[in-house]
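# the sequence isn't on hand, but the structure is:
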């Protein structure tokens, strides 16, 4: 959850998230938003993105709300509460058009991004092991083909992961505020 890179302990990170939840429950949207933004330094969970979206929506900043709902959807595509919220959001904000998923997003959305990373890792190491086995022990074409197939799976998953990470980076919004 927390990392020593940020110079903060796990306990402090949990306190930040609990504080954000308390402010969120008390409908102190701006304060909760600040705490959730801080919590993003420790964890980029779907729940935090969802709650940030809820805060923005309550503050009538629909564009930001939608951006964070969509970030949560990328992490947890089958989350029923989020899908209900998005449907309600689009019903209330008819000037926003639901984002149509690209073909590869539809195909790969049945597993989470973390699951695909694990599959890619297994495919990578299986590819390495089978190629080492082919080169050092037994020169069989079946082993070479299996290693090549596993390598192809690994690189396909790698492309998926980078396209997801790239689209997250493109989706970052900044809020322009004026001094009061």
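Received the coordinates, thanks. Everything numeric here is computed off the predicted structure, so don't read it as measured data.
# mean confidence score for the helix or strand containing residue 118?
According to DSSP states H and E, residue 118 maps onto helix 113-136. When pLDDT is averaged over helix 113-136, the result is 76.
# cool, stretch 45-60 as well?
91.
# quick one: that stretch to chain centroid distance?
Relative to its parent chain, stretch 45-60 has a centroid offset of 14 Å by CA atoms, centre = their mean, to the nearest Å.
# who's in contact with it?
17, 20-21, 24, 27, 29-30, 32-33, 36-37, 39-40, 62, 64-69, 71-73, 75-76, 79, 81-82, 85, 89 (CB atoms under 8 Å, 6 or more residues apart in numbering). For glycine as for every other residue, the C-beta is placed from the backbone atoms N, C-alpha and C.
# mind listing which of these are in helices?
Taking DSSP state H, the ones among the contacts of stretch 45-60 that sit in helices are 17, 20-21, 24, 29-30, 32-33, 36-37, 39, 62, 64-69, 71-73, 75, 81-82, 85, 89.
# out of everything not next to it in sequence, what's closest to residue 38?
Leaving aside its sequence neighbours, residue 38 sits nearest to residue 16 (CB to CB, 6 or more residues apart in numbering; 5.5 Å).
# how many neighbours does that neighbour have?
Here the number of neighbours of residue 16 (other CB atoms under 10 Å) works out to 19.
# how far away is it from residue 22?
Counting by CB to CB, to the nearest Å, the gap from residue 16 to residue 22 is 11 Å.
# now do residue 125
Distance from residue 125 to residue 22, by CB to CB: 43 Å.
# so where's the protein shaky on pLDDT?
1-10, 99-113, 160-180 (pLDDT under 70).
# centroid residue for it?
Geometric centre of the chain, nearest residue: residue 75, 3.3 Å, by CA atoms, centre = their mean.
# hmm, residue 44 and it touching each other?
Yes: counting by CB atoms under 8 Å, residue 75 does reach residue 44; the two are 7.3 Å apart.
# and residue 28, backbone torsions?
phi -90, psi 80 (degrees, to the nearest 10).
# tally of neighbours for it?
Applying other CB under 10 Å, I find that residue 28 has 15 neighbouring residues.
# same thing with the one 10 residues further on?
Counted by other CB under 10 Å, the residues lying close to residue 38 total 15.
# with residue 142 instead?
Neighbour tally, residue 142, other CB under 10 Å: 10.
# before we move on, what SS does it have?
Under DSSP: H, G, I helix; E, B strand; the rest coil, the three-state class of residue 142 is helix.
# all good on my end, thank you.
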